[in-house]
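> After the sequence you'll find the predicted model.
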Amino acid sequence: MQTIVLATQKGGSGKSTLAISLALAAIRAGHNVRLIETDSQGTLSNWKRRRPYAAPVVEPVYAAREVEQRLQSLDREGVTVAIVDTAGGVSAATNSAIRYADFCLIPTRPSIADIEATAPTLSVVRAWHKPFAYVLNQTPIRGTRLASAEHALSDEAALDIGDILAKPFIVMRNDHQDALSAGLAVCEYAPCGKSAEEIRALWQWIEVRLGNMATAGDEPLIEELVETPAILPAMAALPVIANDSARILRAPARA
Ligand SMILES: Nc1ncnc2c1ncn2[C@@H]1O[C@H](COP(=O)(O)OP(=O)(O)O)[C@@H](O)[C@H]1O
Ligand SMILES: [Mg+2]
């Protein structure tokens with residue numbers, strides 16, 4: 001089983017929305033998926049109550065000490081992907097979720113202030129030596145400053161920026177909010193829409209990363225990213241835990 005944790009201390013970044021969207025994309029890709037809700041605010045449970053379908057099961061696990069055991073039993077039950085939504089802030093349950101994650105996603109809006117606010121989460125992720133990626137969410141549509149940053153990033157292939165910046169970016173669109181209110185994921189609500197397309201592509205990007213992790217060997221150092229354009233320097237400049245080897249993407253696989 002692969003455990004994917006969405007975490008960042010900033011509320012409104014899209015943790016819950018992306019957890020739901022990615023869960024459905026993973027189901028469509030053939031996985032047996034469980035959504036884990038560690039945020040007592042209950043966004044996933046509330047969504048589930050509005051939902052006209054039984055799957056996926058949303059499992060509330062609010063106590064930090066229960067996270068590991070629950071994940072182990074899901075693994076035994078044949079769940080192949082557990083997607084863990086976390087609360088804003090840095091709570092014990094979030095810390096525990098990150099500790100037992102195979103891969104961490106840090107959603108952020110594409111502003112410097114939002115990116116800087118990810119620092120405490122990134123510190124926890126690094127402390128547990130977890131592979132991670134940022135997901136730029138609620139971005140403006142292509143054609144703006146972000147698009148040129150994206151092009152510039154692709155041109156910088158030698159830096160392999162794609163390893164810590166999930167692609168594609170998820171554009172701000174009403175589809176996401178409307179799907180949530182209808183108890184649906186965006187790929188159910190508007191399957192032919194651009195939002196659904198982005199989410200499916202994001203899931204594929206994550207799957208490739210999960211698949212590569214076992215053989216990961218020559219990932220870039222975070223320090224190599226400092227000369228990348230636009231918003232990426234802010235990410236690279238985020239504080240590094242002391243003694244971290246900086247080979248952040250070479251985290252040992254969970255036993
Ligand atoms: N890409 C997006 N486009 C438009 N609205 C979005 C997008 N991502 C999230 N939202 C909306 O932003 C709000 C906050 O998202 P949410 O997932 O609850 O954030 P978090 O769980 O990080 O607090 C919700 O109303 C959600 O529907
Ligand atoms: Mg939430």
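Arrived safely. Treat the numbers as computed from the prediction; the structure is a model and nothing was measured. Ligands and ions are numbered 1, 2, ... in the order given.
> Return the distance of Ala29 relative to Leu210.
11 Å (CB to CB, to the nearest Å). C-betas here are computed from N, CA, C, even on glycine.
> Likewise for Ala87?
Separation of Ala87 from Leu210 (CB to CB) stands at 24 Å.
> which one of those two has more residues nearby?
Comparing Ala87 with Leu210 by other CB atoms under 10 Å, the one with more neighbours is Ala87, at 21 against 15.
> Confirm for me that that one is in contact with Ala93.
Yes - contact status for Ala87 versus Ala93: in contact at 7.1 Å, counting by CB atoms under 8 Å.
> shared neighbours of those two, which are they?
Thr38 (CB atoms under 8 Å, 6 or more residues apart in numbering).
> Provide the secondary structure category for Asp75.
Here Asp75 is helix, with the state taken from DSSP: H, G, I helix; E, B strand; the rest coil.
> The one 4 residues further on too?
Assigned state for Val79: coil (three-state reduction, three-state DSSP).
> Dihedrals phi and psi, it?
Torsion angles at Val79 (phi, psi; degrees, to the nearest 10) stand at phi -70, psi 130.
> how many neighbours does it have?
Val79: 21 surrounding residues under other CB under 10 Å.
> What separation do you get for it and Ile206?
Separation of Val79 from Ile206 (CB to CB): 16 Å.
> Could you do Thr80 as well?
Relative to Ile206, Thr80 is positioned 13 Å away (CB to CB).
> and the lengthiest helix in the chain, what other elements does it pack with?
Longest among the helix segments of the chain by residue count, using DSSP state H, is helix 194-213. Applying 3 or more CB pairs under 8 Å, 6 or more residues apart in numbering; DSSP states H and E, one finds that helix 194-213 contacts strand 2-6, helix 15-28, strand 103-108, strand 132-139, strand 170-171, helix 174-181, helix 186-189.
> who touches that helix?
Counting by CB under 8 Å, 6+ apart, 2, 4, 18, 21-22, 24-26, 28-29, 102-103, 105, 131, 133, 135, 163, 166-171, 173, 175-176, 185-187, 189-190, 251, 253 sit against helix 194-213.
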